[in-house]
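Colleague: I would like to see how this sequence folds:
(one chain, ligands or ions: 1)
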Amino acid sequence: MSNFVSPKTVLISFTELYYKECLMQYRALFRFYAELNDFLPDKKKHLHFQYAFNGTPAIKDAIEALGIPHTEVALILVNGKQADFSYHLQHEDQVSVYPVFTSLDISSVTTIPKQPLPDVKFICDVHLGKLARHLRMLGLDTLYQNDYTDKLIVRLALEENRCILTKDMAILKNKSVIHGCFIRSNQTIEQVRELMNRLDLSSSIHPFSRCLKCNGLIVSTEKASISDHLKPKTKQYYHEFFRCQNCNGVYWKGSHYQKMMNSIEHYRK
Ligand SMILES: [Zn+2]
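Modeller: Residues are numbered from 1 along each chain as shown. Here you go, the predicted structure:
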């Protein structure tokens, strides 16, 4: 069978698309604020624009249809009143949507339901290995493996009440995801800063309490118990050692220690 598409077929497709838009019965006016504009095309950034729809879709679905993952939304105002994700959009509604990650403190007014994250715990997607190591260096419980599938990331996040860190919006648009952060920067140090600001992590960090390789907890260990595994110079110059309870990796305050401490102080600023 030929793959040839006749001009007539193409014409019908465009016509259908045009009428699909025209056939939408209702319109609502949306405006997205601050960092949420990162997810919008230029013609919709920082502006009121019309959204066409049929029926009464949940506002969560409308927001995601416009490209914004629900995990990024902290406050929705419909006609000046707060609404949550279950609100059903009505004709001529005026909708303002505000982000989580913003200098504007809206924590006291938001009604978007969030199950509390009892401990600060993360799971990074497969593209954020460096970020995972930095978070572990800060002592933050962070799962990461370069072979995690999106499905497994979502399952582990739900089972262990972890916040998903990702540069993949598709993961955050999964309806079952509760806690997630879309990571904007491509630079690891900036990524850590983003999280420190967004989640106010400075009181949660405990530097050098987790293994950089496996996320296990690190404990102090006697030099005698590991000295067979040390290189001669390490054995000669260092006297304080730590061991990962999970993978048995050995750590000491070597030549990189001060550099790492400096970067930790950098994150706290
Ligand atoms: Zn380990």
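Colleague: Which stretches in the stretch 101-250 of the chain count as helices?
Modeller: 129-137, 150-159, 169-172, 188-199, 223-226, 232-237 (DSSP state H, counting those that start in this stretch).
Colleague: Determine which of those approaches residue 260 most closely.
Modeller: Closest to residue 260 of these is helix 129-137 (C-beta to C-beta; 6.3 Å). For the C-beta atoms, the positions are set from N, CA and C on the backbone; glycine is no exception.
Colleague: what pLDDT, on average, does stretch 212-223 get?
Modeller: Confidence for stretch 212-223, expressed as mean pLDDT, is 94.
Colleague: Going by neighbour count, list what's buried in it.
Modeller: For stretch 212-223, a neighbour-count test (16 or more other C-beta atoms under 10 Å) marks 212, 214-216, 218, 221 as buried.
Colleague: near the ion, from those?
Modeller: Among these, the residues lying close to the ion (C-beta under 5 Å from the ion) are 214, 216.
Colleague: need the buried residues of stretch 212-223 in CSV with distance to residue 90, can you?
Modeller: Conversion of those to CSV gives the following (distance: C-beta to C-beta, whole Å):
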residue, distance to residue 90
212, 51
214, 51
215, 47
216, 52
218, 55
221, 64
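Colleague: Filter the buried residues of stretch 212-223 down to the ones in strands?
Modeller: Judged by DSSP state E, the subset of the buried residues of stretch 212-223 located in strands is 218, 221.
Colleague: Counting neighbours, what do you get for the nearest residue to residue 253 once chain neighbours are set aside?
Modeller: Among residues not flanking residue 253 along the chain, residue 240 sits closest, at 6.3 Å (C-beta to C-beta, 6 or more residues apart in numbering). Residues lying near residue 240 (other C-beta atoms under 10 Å) number 10.
Colleague: mind listing what residue 240 touches?
Modeller: Contact partners of residue 240, counting by C-beta atoms under 8 Å, 6 or more residues apart in numbering, are 220, 252-253.
Colleague: Beta-bridge partners for the closest residue to residue 94 other than its chain neighbours, please?
Modeller: Distance criterion C-beta to C-beta, 6+ apart; nearest residue to residue 94, sequence neighbours excluded, is residue 29 at 4.7 Å. Beta bridges link residue 29 to residue 50, residue 94 when assigned by DSSP bridges.
Colleague: what about residue 29, neighbour count?
Modeller: 14.
Colleague: Could you report the separation of it from residue 36?
Modeller: To residue 36, residue 29 is 16 Å away according to C-beta to C-beta, to the nearest Å.
Colleague: related to what we said a few turns ago, tabulate the contacts of residue 240 (TSV), appending distance to the ion.
Modeller: As requested, those are arranged in TSV below (distance: C-beta to the ion, whole Å):
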residue	distance to the ion
220	15
252	15
253	17
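Colleague: of all the residues in the stretch 101-250 of the chain, which ones are close to the ion?
Modeller: Counting by C-beta under 5 Å from the ion, the stretch 101-250 of the chain sits next to the ion at 211, 213-214, 216, 244, 246-247, 249.
Colleague: Contacts only, for the residue nearest the centre of the chain.
Modeller: Per C-alpha atoms, centre = their mean, the C-alpha nearest to the average position across the chain is that of residue 181, at 1.8 Å. By C-beta under 8 Å, 6+ apart, the residues touching residue 181 are 71-72, 100-101, 163-166, 194-195, 198-199.
Colleague: So what pairs up with it in the strands?
Modeller: residue 165.
Colleague: Serialize the helices of the stretch 101-250 of the chain to a markdown table and add fields for distance to residue 64.
Modeller: Output for the helices of the stretch 101-250 of the chain, formatted as a markdown table (distance: least, C-beta to C-beta, whole Å):
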| stretch | distance to residue 64 |
| --- | --- |
| helix 129-137 | 25 |
| helix 150-159 | 15 |
| helix 169-172 | 9 |
| helix 188-199 | 20 |
| helix 223-226 | 51 |
| helix 232-237 | 52 |
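Colleague: Please name whichever of those helices is nearest to residue 54.
Modeller: helix 169-172 (24.5 Å).
Colleague: Of all the residues in that closest one, which ones are buried?
Modeller: Residues of helix 169-172 classed as buried: 169, 171-172 (neighbour count, 16+ other C-beta under 10 Å).
Colleague: about what we covered before: which of the contacts of residue 181 lies closest to the ion?
Modeller: Taking C-beta to the ion as the measure, the ion lies nearest residue 165 of the contacts of residue 181, at 20.0 Å.
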